[in-house]
Structures are given as structure tokens and as C-alpha cells.
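A.B. asks: Make a model of this:
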Amino acid sequence: KAVGHVRKVLAGDPQNIQAYNNLALIYYDLRKYELAQLVCLNALKFDKPDAGLHNNLGLILLKLNKVTQALKSFNAALEVDPSHVPAHMNIGLITLSYRDFANAQAHFDAVLKVDDGNVEALVGKAVAARGLGQHGEAVSLYGRVRSLAPKDGRACWNLGVLHQQY
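C.D. replies: Below you'll find the model as predicted:
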């Protein structure tokens, strides 16, 4: 039904970027990633830059195991909106997984400039700090996570890793 509703919107406004974005997300939720990618690529043909569309295309590309293309899409989102939190988070998490701690930390910092209580960004920044040998900074960040989200076990687990290794 949702696809039908979006198609009705597109019939009335064939360049409605938000409708394309919603359609791509519907296909994403249905695990029809190739179709979701096609919808995003069609929407990008219009000269209507949208950070959310680029970010969602990046998520779709990750599901298709196209990490390099996904990173390009997340960066395109940041070209449209340099403070786009989801794109910064996605780049931060990807670069963290590749042990590019400095790049990851920079993206988590960008998130924290917009949302200083973002627990995900604080955990990511703390892991990156640990990877960069900034152990005091990591301990401080984990403490902040524990105060913001006392039931979130990631801070305790990561503190244990830090103490075991260093």
C-alpha cells in the first residue's frame, strides 16, 4: 500500500525528491536493495540536492557490499549539508571499522558539534581515541556515556578492553 501511495504522489509531482526517498526506504525495508538503489539513482538525476537521499543511497550500497561507493554517497551528502549527522555517523563507523581512527574521530566530532549528547558518537569517538593512544580521553568519554546512558553496556565493555590492553 505504501508503494501505491508514493506512486500516486509521484504521478502528481514526478520530481518530488522526498517521495523518491520514501520509496527507496520502503524497498530498503523490503530488502529489495537493487530496486531501492535504482530509485535513488533516478531521483539524483533531478537537480535537487538532498543530503538524506545521498545518505540513504549509501546505506543501500552498504547492504549491497559496495563500501567504496557507499562512502562516496555519504560524502556527497556532506557536500549538500556539511552538518548532516547521519552521514557523519556512517562515515565515522565505516572508517572506525577500518581502523582509520583519526578520520573516524573527526566525523564523530562533527556529530558532537551538532548533538553533544549523542551516545553513539561518544562511544565511537572513545573507541577512536583508544585506537589513537588517547587513553585518558577515551576513559573520560566512556564516563560521559555512562552518565548519559547508565544501562548502555558498551562503555563498561570498552573500558574493560582499554584496561586489559593498556
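A.B. asks: What ranges does the protein have for its helices?
C.D. replies: 2-12, 17-29, 33-44, 51-63, 67-80, 85-97, 101-114, 119-131, 135-148, 154-165 (DSSP state H).
A.B. asks: Including mean pLDDT and mean neighbour count, could those helices go into TSV?
C.D. replies: Where you see a C-beta, it was placed from the backbone N, CA and C, and this is true even at glycine. Formatted as TSV, the helices of the chain follow (pLDDT from 0 to 100; neighbours: other C-beta atoms under 10 Å):
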stretch	mean pLDDT	mean neighbour count
helix 2-12	91	12
helix 17-29	95	20
helix 33-44	97	19
helix 51-63	98	23
helix 67-80	98	18
helix 85-97	98	21
helix 101-114	98	19
helix 119-131	97	23
helix 135-148	96	17
helix 154-165	92	14
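A.B. asks: Now find how far off-centre stretch 132-144 is within its chain.
C.D. replies: Averaged C-alpha coordinates place stretch 132-144 at 22 Å from its chain's average position (C-alpha atoms, centre = their mean, to the nearest Å).
A.B. asks: ok now do the spatially most central residue of the chain, which residues does it touch?
C.D. replies: Using C-alpha atoms, centre = their mean, the residue of the chain that lies closest to the mean C-alpha position is Asn90, 2.6 Å off. By C-beta atoms under 8 Å, 6 or more residues apart in numbering, the contact set of Asn90 is 55, 58-59, 62, 70, 74.
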